[in-house]
Structures are given as structure tokens and as C-alpha cells.
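*Asks:* let me see the structure of the following:
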Amino acid sequence: MIPQLLLLIAGVFCCSTSVIFIKLSAVPPILLASYRLLVASAFLTPLFFRSIGRMRDTFSLRDLRHSILPGVVLAVHFIVWNVGARLTLAANSTLIVNMVPVVMPCLLFFIAKERVTRREIVGTSCAMLGVLLLGGTDVRVSRSTFMGDTACFISMILFALYLSMAKKNNRFETIWLYIVPLYYIAGFFCLIAGLLFETPPLHYDLLEAAYIAGLGIVPTVAGHSILNYSMRRLRGQLVSIAILSQFVFAGVMGFLLLGEIPNHFFYSASVLLVGGGIITVLPPAGKKREKFPNP
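*Replies:* Model prediction:
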């Protein structure tokens, strides 16, 4: 289990780099989402065809249907999140998107029949206390932010739904047969939406191309792919708690790369988050370590 946990942490770290690439890029947000997904798709396409060659006797085009709905959900998540984040305060959007562990148990139960354990409840409560400590002090509810807050809340549910679907739909021997079509579907969906509602830049310099490539390879190819793999191999609620640690990684990178100084609640929130993860993973005293099921 330790290697899988380390892989999950690495995946969360990769996902946390997305905010850095997004801040550095000048491409409109929906088009940027499409570019990151299409870059990821193109990068992973050779692995997709190699996997088909190995599973020629068991894989058919009908199996691609497992990627359609999750791909659309991921695309709508990106679009609604980009719109909502611009209509509300940064603190509001950050707090709302980090509420995934609150809704994840319900989705996991209805989609994959996975019940949350008592230790996961305690760990989730500890981690969410850290999130509330970090973002709750700056949150303000008003009529002017209502639409943005609502959009961010819908986006958060869509992200939790997208991850929960991986628990049920990602049943292939290799993850690439599930994730590559998913990225293509989400990428073209976002591309159509971006061309309808945004104006593409007239040209892209090498630095902008590097940001797009980095966004496609690091948080998408590595980050999202690892999250989908982890949803198959680990408890879903554990994955959702681990995702919260993105704000720790993002805060450190923001300080080192962008000169952004975290507020004084950042450190206490980080300790609570790590504590919540440890509570969830460690077995009770005197009992054997829980074995995570392999689907």
C-alpha cells in the first residue's frame, strides 16, 4: 500500500502545479482547458494504441462508452469552474472546491457501493477543519458573489462525480484505454465551448507554448491520470482527502515561484490536513492494517 500512497501524493503534487501554469498563461481559460486536455491526449495516444494491441481479443470500440460520460463531466467541470472562479472571491472559490471530501461519500456509495468508515469520517473532519481554517476567515457571502459561488459549488460536485466514476468505469487492465478517450472527449468539448465563447489569441510564442505543454503533461498526464488510477486501487475517500493537500503544494510553489506569501493560517491548516490523512491511513492500535481492495 505504501507505494500506492506515495504515487497518490506525487499525483496530487502534479495536479497542484496547474494553478502555476494557469497564472502564467495568457490564453482564455476555457481554451486553455481544451489545450491541456488535447496535449495530454496526444502525449498518451501511443500508449493507448499499444494497449489496444495487447488487448485485441478483449477490447472493442463499444468499451469506449465507459469514457464518454466521465469525459463530458470533466469538461463541464473545467468550464463551470473557470466561469465561477471569475464571478466570486478567490477565498470563496478555494473553499468551495475543497469541499470534495464532504460529497464524495454519497457519490461513492451510489456509484460504487463503497461505504465510508469511521476513521475516514474522523480524518475527513480533521482535514476539512484545516480547509475551513484556511479559507473560512476570508469568505464573504453576498448577492454579488452568489452566481459565482453557485457555479463553483456545481463544479466541485462535478469533479467529485468525475473521480467517483473512475471507481466504476475504469475496469480495464490498463488505465490508458479509459483515460485517453476521456481526455479527447473532454478536450474537444472544451475546444468547441472555447471557440463559441472566447477569442483565441492571434499567435502563441514559445513561452506560452511551454506553459500549455507543461499544463498538459504535468497536472493532466501525470496528475489526473494518477488520481484516476488511485481511485481504482485505493479507498475513494482517502483519495479525496489527499486531493486537499494541493493547497499545501500550491502555497509553497506560489511562494517560491511567484512570491506569494501565505497567510498565517496556512501552516495550521497544513498540519490539520496532514493529520487527517494520517488518521485515515493508519490502522487502530492492536488491529491489523486495513487492506485496500484491488478491483
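
*Asks:* what's the neighbour count on residue 53?
*Replies:* Neighbour count for residue 53, taken as other Cβ atoms under 10 Å: 9. Any C-beta I mention is one placed from the backbone N, CA and C, and that applies to glycine too.

*Asks:* and it, how far from residue 101?
*Replies:* 39 Å (Cβ to Cβ, to the nearest Å).

*Asks:* tell me which residues of the host helix or strand of residue 49 are tucked away?
*Replies:* Using DSSP states H and E, residue 49 sits within helix 29-54. Using 16 or more other Cβ atoms under 10 Å as the burial criterion, the residues of helix 29-54 that qualify are 29-41, 43-44, 47-48, 51.

*Asks:* please name every helix or strand in contact with that helix.
*Replies:* On a contact count with 3 or more Cβ pairs under 8 Å, 6 or more residues apart in numbering; DSSP states H and E, helix 29-54 meets helix 18-24, helix 65-87, helix 176-197, helix 206-215.

*Asks:* can I get those in a markdown table including mean pLDDT and distance to residue 163?
*Replies:* Listed next are those as a markdown table, based on pLDDT from 0 to 100; distance: least, Cβ to Cβ, whole Å:
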| stretch | mean pLDDT | distance to residue 163 |
| --- | --- | --- |
| helix 18-24 | 79 | 15 |
| helix 65-87 | 86 | 9 |
| helix 176-197 | 94 | 12 |
| helix 206-215 | 93 | 19 |
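
*Asks:* with respect to residue 248, which of those helices lies nearest?
*Replies:* Evaluated over the helices and strands packed on helix 29-54, closeness to residue 248 peaks at helix 18-24, with 12.4 Å, by Cβ to Cβ.

*Asks:* list the buried residues in the closest one.
*Replies:* Per 16+ other Cβ under 10 Å, helix 18-24 contains these buried residues: 18, 19, 20, 21, 22.

*Asks:* give the rounded mean pLDDT of the host helix or strand of residue 241.
*Replies:* With elements taken from DSSP H and E, the one containing residue 241 is helix 236-243. If you average the pLDDT over helix 236-243, you get 80.

*Asks:* and the contacts of that helix?
*Replies:* Applying Cβ atoms under 8 Å, 6 or more residues apart in numbering, the contact partners of helix 236-243 are 8-9, 12, 15, 100-101, 104-105, 108, 112, 114, 116-117, 120, 123-124, 127, 160, 163-164, 167, 227, 230-231, 273, 276-277, 280-281.

*Asks:* what about residue 27, distance to residue 253?
*Replies:* Distance from residue 27 to residue 253, by Cβ to Cβ: 20 Å.

*Asks:* the more surrounded of these two?
*Replies:* Neighbours were counted for residue 27 and for residue 253 using other Cβ under 10 Å; residue 27 has more, 21 against 16.

*Asks:* helix, strand or coil: sort out that one for me.
*Replies:* coil (DSSP: H, G, I helix; E, B strand; the rest coil).

*Asks:* that one touches residue 201, doesn't it?
*Replies:* Yes - judged on Cβ atoms under 8 Å, residue 27 makes contact with residue 201 at a distance of 6.2 Å.

*Asks:* and the nearest residue to residue 173 once chain neighbours are set aside, what does it touch?
*Replies:* Distance criterion Cβ to Cβ, 6 or more residues apart in numbering; nearest residue to residue 173, sequence neighbours excluded, is residue 55 at 6.3 Å. Going by Cβ under 8 Å, 6+ apart, residue 55 touches 172, 173, 174, 177.
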